[in-house]
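Student: Make a model of this:
(one chain, ligands or ions: 1)
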Amino acid sequence: MKYLVHMEVDIPRDLPAEERSAVIAREKEYSQQLQRDGRWPEIWRVVGEYANYSVFDVGSHDELHELLQGLPLFPYMTIDVTPLAAHPSDIKA
Ligand SMILES: O=C(O)C[C@H]1C=CC(=O)O1
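Tutor: The predicted structure follows:
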């Protein structure tokens, strides 16, 4: 099942710089592991914003929920999820 996910990040300004760097490094590692195993096939930066649009390819709503909750930056994110269905005009289908 595929999902379009919008993540907007807002790290509090008073978070110490070291903690900020550490959480961003953990986020990168977590994200790249999911990209490698195929569950996070697309990630795109939104131009001019600390935000991304991503596509997740996972087995269930519950699996996606668990993955998103596990994001190290989860406490500092606003996340919107759109479930995707096949389009009848898609020539790849
Ligand atoms: O930078 C972001 O968009 C937030 C987050 C998603 C992946 C990652 O490495 O950081």
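
Student: Ramachandran angles for residue 89?
Tutor: Backbone geometry at residue 89, expressed as degrees, to the nearest 10, gives phi -100, psi 0.

Student: Check the burial of residue 39 by counting its neighbours.
Tutor: 16 (other C-beta atoms under 10 Å). Placement of C-beta: from N, CA and C, glycine included.

Student: check contacts around it.
Tutor: Applying C-beta atoms under 8 Å, 6 or more residues apart in numbering, one finds that residue 39 lies in contact with 56-58, 67.

Student: Those in strands, which ones?
Tutor: 56-57 (DSSP state E).

Student: Most neighbours of all the contacts of residue 39, which one?
Tutor: residue 56 (21 neighbours).

Student: If the residue nearest to the spatial centre of the chain is in a bridge, with which residues?
Tutor: Residue closest to the mean C-alpha point of the chain, counted by C-alpha atoms, centre = their mean, is residue 54 at 5.5 Å. Taking DSSP bridges as the rule, residue 54 bridges to residue 5, residue 43.

Student: got the contact list for it?
Tutor: Residue 54 neighbours (C-beta under 8 Å, 6+ apart): 4-7, 40, 42-44.

Student: now the contacts of residue 39 as TSV including pLDDT?
Tutor: Conversion of those to TSV gives the following (pLDDT from 0 to 100):
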residue	pLDDT
56	99
57	98
58	98
67	98
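
Student: Kindly report the residues of the protein close to the ligand.
Tutor: When proximity is defined as C-beta under 6 Å from any ligand atom, the chain approaches the ligand at 7, 9, 27-28, 31, 52, 73.
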